[in-house]
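K.L.:
Fold the following for me, if possible:
(chains A and B)
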Protein chains: 2
Amino acid sequence: MQLTGEMFIGADRIRGTAGDRRSVDPATGEELEPAYGMDDGTVVAEACRRAEAAFDAYRSLPDQRRAGFLRQIADNLEAAGEQLVAAVQAETGLAEGRARTELGRTANQLRMFADLLANPDWRDPRHVPAQPDRAPLPRPDLRSRYIPLGPVAVFGASNFPLAFSVAGGDTASALAVGCPVVVKGHLAHLRTGELAGACIADAARTTGMPDGVFSLVFGAGNETGEQLVADPRIAAVGFTGSRAGGTALMAVAQRRPVPIPVFAEMSAINPVFLLPGKVAAAAAETATGYVTSLTMGAGQFCTNPGLLLAVEGPDFATFRETVAGLLGGQVAQTMLTAGIASAYRAGNAELAGLPAVSLVAEGAPTDAPNACRPAVYQTDAKTLLAEPRLQEEVFGATSILVSCATADELIEAATHLGGQLTATLHADPTDHELAAKLLPVLERRAGRIIYNGWPTGVEVSPAMVHGGPYPATSDARATSVGTMAIHRFLRPVAYQDLPEDLLPA
Amino acid sequence: MQLTGEMFIGADRIRGTAGDRRSVDPATGEELEPAYGMDDGTVVAEACRRAEAAFDAYRSLPDQRRAGFLRQIADNLEAAGEQLVAAVQAETGLAEGRARTELGRTANQLRMFADLLANPDWRDPRHVPAQPDRAPLPRPDLRSRYIPLGPVAVFGASNFPLAFSVAGGDTASALAVGCPVVVKGHLAHLRTGELAGACIADAARTTGMPDGVFSLVFGAGNETGEQLVADPRIAAVGFTGSRAGGTALMAVAQRRPVPIPVFAEMSAINPVFLLPGKVAAAAAETATGYVTSLTMGAGQFCTNPGLLLAVEGPDFATFRETVAGLLGGQVAQTMLTAGIASAYRAGNAELAGLPAVSLVAEGAPTDAPNACRPAVYQTDAKTLLAEPRLQEEVFGATSILVSCATADELIEAATHLGGQLTATLHADPTDHELAAKLLPVLERRAGRIIYNGWPTGVEVSPAMVHGGPYPATSDARATSVGTMAIHRFLRPVAYQDLPEDLLPA
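P.N.:
Got it, this is the predicted structure:
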């Protein structure tokens, strides 16, 4: 399809008039065509108006109509696959294989939510019949079900231009349950966004969805996003991005005359606990897994292992040496944007300058623009507990190895960690007594606990939790991956003594 | 038992040193013994410390141990029934029958949550087994379940000194799922609070619960409550009370370094839609039901019908005349506190002074202190839409009858209402076409929709929703009555490839 640089406002295309922006190829710094017109504030308002106007008709459709819409989006994405993969590569520096995998994941995610709609249990329907003769008071007939909250604002992430963006999990879960969606397009992948938007808009048209069920707006500053969250017709927010961005939107949502829920997936360092038996038995193998997980995709994953803790000793020293050897051979990879690459360098400079923190190793030097040179630092548990900056995510392939004097200090360090998306245990059977002590500590701090694996790679599954206590997300009660993601956009309603002909289908 | 005026801090009793407060009998203005010592800030901190210390042990108990604890609380409340009923009567002005009914409801609510624990499905356990051979990537073994958030702060309501207070639904649902509870006791029913606290503390002791699973603190100003919500060991808040109180706690919770969820049930006017066929067929009968619901318990219910809308005409005039006749015969009832009675008078004076609002009728005059003289006003739909003060709850037996020119204006008025706990339809079969148009409008604005009944009387049931969009509550995704109330205090955790011997029971 032909890229135009226009927004999608319901069934219409509108060009923003508040200046132009172009995507940039981070591997070359080259500006990419076309130019995208930015909104002056009028288009986001119109998108919200249409989303609200579409809501009742859209939520009242039979579930299978919405499922058909989602499946059509998936089909359209796959049909546009070559153009999408090329756009992702040009705009993000991500490799072709990664772009293809992410495309498949995005389509499958839409189909998973479509499948979920085949069973009405997603609404948790309940019925407690009347007991007219109950004393002292008759019991009324009471039914309940979950209904959608209303139009949802979606903010995509730079690091998943397909799976967590215009047609990603937030959009899919909101559309599945009957919420119209207004996406604020990410400026780092405008082409990819327009292509995905076209897949959704086309699917809405061909499956006969109400006008306004989907819009995609572009805006240059923070104003467009803040206007979107503040719009009285928006009922909830799904966000994946930085902690600064997420907390800013949380504040806007709370300042509204009618506050709304925000699910912001923001920031995590995903601690890995390498237990003594495992490091003794498999130091080299574990080091290889760690470096692979750390450096994959230039480390640009929410679940990147940014912290690894172990009890100090010769085995952990061997682990460190192996990591150092592996890291030196790592070739620098292009990061998503110049801003992210610059923040990565600044974050590393800050880490390197902290007292009692030293560099273990870094990847091969490079002169390529916007490249991520992976880096691993080391410190001890006392320093970790004393220095809050060691718990701040440096987005990219940076991680810190933490030496603990004893297993008790390892547990103590775990109790001082902030909220995380994941926590990982590397253990062998001799470690299970210690692992059993760590588990309740980790359960309180993370949305997902991994055993002898790596946190990168988030399975799309009914049992997945991609969430966790603050600051990993704004609301630990939810997940943005897996079928439980729909709960973010639903609320229960009870119907008391409603006659059959007025009951919802 | 002997009342002492002391707080419950885990297994200990501590007397606050920051001045004394006594309950007041609102029917006489008499101060009641004993004097309760208020906290200077140290005791609430100690309560939070012990709640946090108890959390892991408490949440790890077999479900049936926590169920036994809840049942023992219920038994203890019933055993203390006579003293509790007397305390409620003395401190709140509520009638003996009401106090007894509320006691039964409170005990049954605890048993309902105990019963819920008999089936592990309350944790929504999920298991998606591994597929080691899946291409391109193996699928990991993934399990998930809900776990408790952590210690919960509970703020009871003045109008339900048992069912929404120390041993009420917030406490019961939090304790059921494994959250320790710190209650900020309501100053209007200190005796009732101490008695209920003793029932919980005694049950904790006799069923062997960890120390700190329950505390009850008293504080004179807003500081104690704000300190409680700000305490880093508190993970969630349950509140029933005024909109000012609820929004203040929401702001404290959001300002924390780690924001936490607040479920505040705050404010509603619970609109009733009296449709043309029904008012023609049963004006007098409906008027009787309305006045009964409005004046029950001096109108001091969150679900009191504060607004009734109908299409103007001779039938609605008949309805108004019947209401006026019934209201004149209503004897004034004692309100819960002098403050509430004073706010009730001020709210009525403000309503009476609004342009285009007139008094339909009020109850018999009275010289009794703190009495509620019920009052019904009338206005038209245009005035309702233009005057935000007509949508502010006046807590007590006050309601406004709204004349709509047409059925379309009735629907239009409905679309301008704020969030509500309930919306009620009074209709006969000839009204169902109009009712079907109203239903989607009401679904978006209320947590519960009632047909040909009255909103007062909230059934404790798995299908109950006592919640609704802001400002009815701070979070429409939850309910504070019924088994779904546990979702406020739970979050999902996923376990990836965890071996059998490390999996939670």
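
K.L.:
what about the helices in chain A?
P.N.:
A:42-60, A:63-79, A:81-92, A:96-116, A:169-177, A:190-206, A:223-230, A:243-255, A:276-295, A:314-328, A:338-353, A:381-386, A:407-415, A:432-445 (DSSP state H).

K.L.:
highest average neighbour count across those helices?
P.N.:
Among the helices of chain A, helix A:169-177 has the highest mean neighbour count (mean count of other C-beta atoms under 10 Å in any protein chain shown), at a mean of 29. For glycine as for every other residue, the C-beta is placed from the backbone atoms N, C-alpha and C.

K.L.:
Can you tell me the centre-most residue of chain A?
P.N.:
residue A:240 (4.5 Å; C-alpha atoms, centre = their mean).

K.L.:
looking at it, residue A:369 is touching residue A:27, isn't it?
P.N.:
Yes - the criterion here is C-beta atoms under 8 Å, and residue A:369 meets it with residue A:27 at 7.2 Å.

K.L.:
out of the helices of chain A, which comes closest to residue A:455?
P.N.:
helix A:276-295 (6.9 Å; C-beta to C-beta).

K.L.:
per-residue confidence averaged over that closest one?
P.N.:
Helix A:276-295 carries an average pLDDT of 97.

K.L.:
Give me the distance between the residue nearest to the centre of chain A and residue B:477.
P.N.:
Distance, residue A:240 to residue B:477, using C-beta to C-beta, to the nearest Å: 20 Å.

K.L.:
Would you mind naming the residues that bridge with the residue nearest to residue A:496 when sequence neighbours are not counted?
P.N.:
Of all residues not flanking residue A:496 in the chain, residue B:450 sits nearest, at 4.4 Å (C-beta to C-beta, 6 or more residues apart in numbering or on different chains). Taking DSSP bridges as the rule, residue B:450 bridges to residue A:496, residue B:424.

K.L.:
Just to check, residue B:450 is in contact with residue B:421?
P.N.:
No - contact criterion C-beta under 8 Å: residue B:450 and residue B:421 do not qualify, at 10.6 Å.

K.L.:
Which residues are in contact with residue A:80?
P.N.:
For residue A:80, the contact set (C-beta atoms under 8 Å, 6 or more residues apart in numbering or on different chains) comprises A:1, A:195, A:198-199.

K.L.:
avg pLDDT for stretch A:438-445?
P.N.:
pLDDT averaged over stretch A:438-445 gives 97.

K.L.:
ok, residues contacting it?
P.N.:
A:273, A:410-411, A:414-415, A:417-420, A:423, A:425, A:449, A:468-469, B:56, B:60, B:147, B:150, B:493, B:502, B:504.

K.L.:
Next, count neighbours for residue A:309.
P.N.:
24 (other C-beta atoms under 10 Å in any protein chain shown).

K.L.:
which residues of the stretch 301-450 of chain A score low on pLDDT?
P.N.:
Counting by pLDDT under 70, the stretch 301-450 of chain A contains no low-confidence range.

K.L.:
Tell me the residues of it that contact chain B?
P.N.:
A:418-419, A:432, A:435-436, A:439-440, A:443-444, A:446-450 (C-beta under 8 Å from any C-beta of the partner chain).

K.L.:
Within range of chain B, give me the residues from the stretch 1-150 of chain A.
P.N.:
Counting by C-beta under 8 Å from any C-beta, the stretch 1-150 of chain A sits next to chain B at A:56, A:60, A:101, A:126-128, A:136-137, A:139-140, A:142-144, A:147, A:149-150.

K.L.:
Can you pick out the most distant pair from those residues?
P.N.:
A:101 and A:136 (63.0 Å).

K.L.:
ok, now which ones touch residue A:62?
P.N.:
residue A:505.

K.L.:
let's see 10 Å
P.N.:
When contacts are counted by C-beta atoms under 10 Å, 6 or more residues apart in numbering or on different chains, residue A:62 touches A:68, A:117, A:505.

K.L.:
ok, now residue A:7?
P.N.:
Counting by C-beta under 10 Å, 6+ apart, residue A:7 touches A:13-16, A:36-39, A:43-44, A:46-47, A:183, A:185, A:193-194, A:197, A:215-219.

K.L.:
one more time with 6 Å, if that's ok
P.N.:
Under the criterion of C-beta atoms under 6 Å, 6 or more residues apart in numbering or on different chains, the neighbours of residue A:7 are A:14, A:43, A:216-218.

K.L.:
Quick check: closest non-adjacent residue to residue A:402.
P.N.:
residue A:309 (4.4 Å).

K.L.:
measure the one you found to residue A:449 for me?
P.N.:
Relative to residue A:449, and taking C-beta to C-beta, residue A:309 is found at 15 Å.

K.L.:
Same check on residue A:153?
P.N.:
Taking C-beta to C-beta as the measure, residue A:153 falls 31 Å from residue A:449.

K.L.:
Residue A:474 too?
P.N.:
Residue A:474 is 21 Å from residue A:449, by C-beta to C-beta.

K.L.:
Among the residues of the stretch 1-150 of chain A next to chain B, show me the least confident.
P.N.:
residue A:136 (83).

K.L.:
Ramachandran coordinates for that one?
P.N.:
phi -80, psi -20 (degrees, to the nearest 10).

K.L.:
just the one 5 residues further on next, same as before
P.N.:
Taking degrees, to the nearest 10, you get phi -70, psi 130 for the backbone angles of residue A:141.

K.L.:
OK, contacts around it?
P.N.:
Residue A:141 makes contact with A:129-130, A:497 under the criterion C-beta under 6 Å, 6+ apart.

K.L.:
Which member of those residues is positioned nearest chain B?
P.N.:
Closest approach to chain B among those (C-beta to the nearest C-beta): residue A:497, at 4.7 Å.

K.L.:
Is the closest one in contact with residue B:455, as I believe?
P.N.:
No - using C-beta atoms under 6 Å, residue A:497 is not in contact with residue B:455; the gap is 11.8 Å.

K.L.:
Compare those two and say which is more crowded by neighbours.
P.N.:
More crowded of residue A:497 and residue B:455, by other C-beta under 10 Å: residue B:455, with 26 against 15.

K.L.:
now that one: how far from chain A?
P.N.:
For residue B:455, the distance to chain A (C-beta to the nearest C-beta, to the nearest Å) stands at 9 Å.

K.L.:
What are the phi and psi values at that residue?
P.N.:
phi -70, psi -30.

K.L.:
Not counting residues beside it along the chain, what's closest to residue A:417?
P.N.:
That would be residue A:445: by C-beta to C-beta, 6+ apart, it lies 5.4 Å from residue A:417.

K.L.:
distance of the one you found from chain B?
P.N.:
Taking C-beta to the nearest C-beta, one finds residue A:445 at 10 Å from chain B.

K.L.:
Ok, residue A:291 next?
P.N.:
Applying C-beta to the nearest C-beta to residue A:291 and chain B gives a distance of 18 Å.

K.L.:
Residue A:397 versus the nearest residue to that residue once chain neighbours are set aside, what's the distance?
P.N.:
In this structure, residue A:291 finds its nearest non-sequential neighbour in residue A:326, 4.3 Å apart by C-beta to C-beta, 6+ apart. As judged by C-beta to C-beta, residue A:326 and residue A:397 stand 12 Å apart.
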